[in-house]
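*Asks:* need coordinates for the following:
(one chain, ligands or ions: 1)
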Amino acid sequence: MTADLVSPCRGCQMSRTPCRFGADDFVALSETAARVRLACPAAFEGGPRVAHGGWTAAVFDDVLGRFLVHTGVKSVTATLTVDYLLPVPVEQPLEIHLEIAAREGRRNHLTGVLRLQGSDRDLAVARGVWVELRPGHFERHQARMAELGT
Ligand SMILES: CCCCCCCCCCCCCC(=O)SCCNC(=O)CCNC(=O)[C@H](O)C(C)(C)COP(=O)(O)OP(=O)(O)OC[C@H]1O[C@@H](n2cnc3c(N)ncnc32)[C@H](O)[C@@H]1OP(=O)(O)O
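*Replies:* Residues are numbered from 1 along each chain as shown. Now for the predicted structure:
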């Protein structure tokens, strides 16, 4: 696999909008590693000029899942842990380095590290498990919803 652009999530593809988390500049570097250049939009400010922690968790969930799908593994997030190490500034150039650390059957262990571009100081670190979907995952979900009458 060469350095190629990773597709947006389904919601952004359907609405034909740029990534709402700001993660459009997203390239796969190998079968197991990728890099995202992004900035936290001001709309996700949690404290003064500081990103909301929910943005940080959401962007990790988004880019780690998108990368795994990019490698051909249809999967969903089963667990996601974020260590918030330093405040993340809004509207500043940031970078995420992500990696598929291990695969065990249907379980895929991924990690991500968020830094300011050009800095080697970690601002936040994510670790999680993505489970490869069994056929009929979304159909079973729709059937469960139908049983509930929704
Ligand atoms: C149109 C355009 C489309 C574009 C798309 C672009 C992509 C964008 C992507 C965007 C990204 C957005 C991302 C999102 O927002 S994904 C949305 C958020 N996540 C979900 O909705 C997931 C909800 N959970 C489930 O559906 C089920 O629980 C899953 C599917 C996860 C497992 O239920 P299932 O019945 O299938 O599995 P199983 O019970 O047979 O277990 C199978 C294996 O998994 C292991 N396991 C299970 N749970 C956990 C756990 N918590 N920790 C550790 N391990 C766990 C389990 O031990 C077993 O391992 P092993 O014994 O085999 O070794």
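*Asks:* mind listing what Phe21 touches?
*Replies:* Contact analysis of Phe21 by C-beta atoms under 8 Å, 6 or more residues apart in numbering lists Leu38, Pro41, Phe44, Trp55, Ala58, Val59, Asp62. Using the backbone N, CA and C atoms, a C-beta is placed for each residue, glycine as well.
*Asks:* which ones are touching the second one?
*Replies:* If you count contacts by C-beta under 8 Å, 6+ apart, Pro41 has them with Arg20, Phe21, Gly22, Val90, Glu91.
*Asks:* burial measure for Leu94, as a count.
*Replies:* As a burial measure, Leu94 scores 25 neighbours (other C-beta atoms under 10 Å).
*Asks:* just want the residue of this structure that's nearest the ligand.
*Replies:* Going by C-beta to the nearest ligand atom, the ligand is nearest to Gly65 of the chain, at 2.7 Å.
*Asks:* okay, buried residues for the longest helix seen in the chain please.
*Replies:* What stands out as the longest helix in the chain, according to DSSP state H, is helix 53-70. Buried positions in helix 53-70, judged by neighbour count with 16 or more other C-beta atoms under 10 Å: 53, 55-70.
*Asks:* helices or strands up against it?
*Replies:* Contacts defined by 3 or more C-beta pairs under 8 Å, 6 or more residues apart in numbering; DSSP states H and E place helix 53-70 against strand 25-28, strand 33-38, strand 45-47, strand 75-84, strand 94-104, strand 107-116, strand 124-132.
*Asks:* can I get the ones you listed in a markdown table including mean pLDDT?
*Replies:* A markdown table is the format used below for the helices and strands packed on helix 53-70 (pLDDT from 0 to 100):
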| stretch | mean pLDDT |
| --- | --- |
| strand 25-28 | 98 |
| strand 33-38 | 98 |
| strand 45-47 | 96 |
| strand 75-84 | 98 |
| strand 94-104 | 98 |
| strand 107-116 | 98 |
| strand 124-132 | 98 |
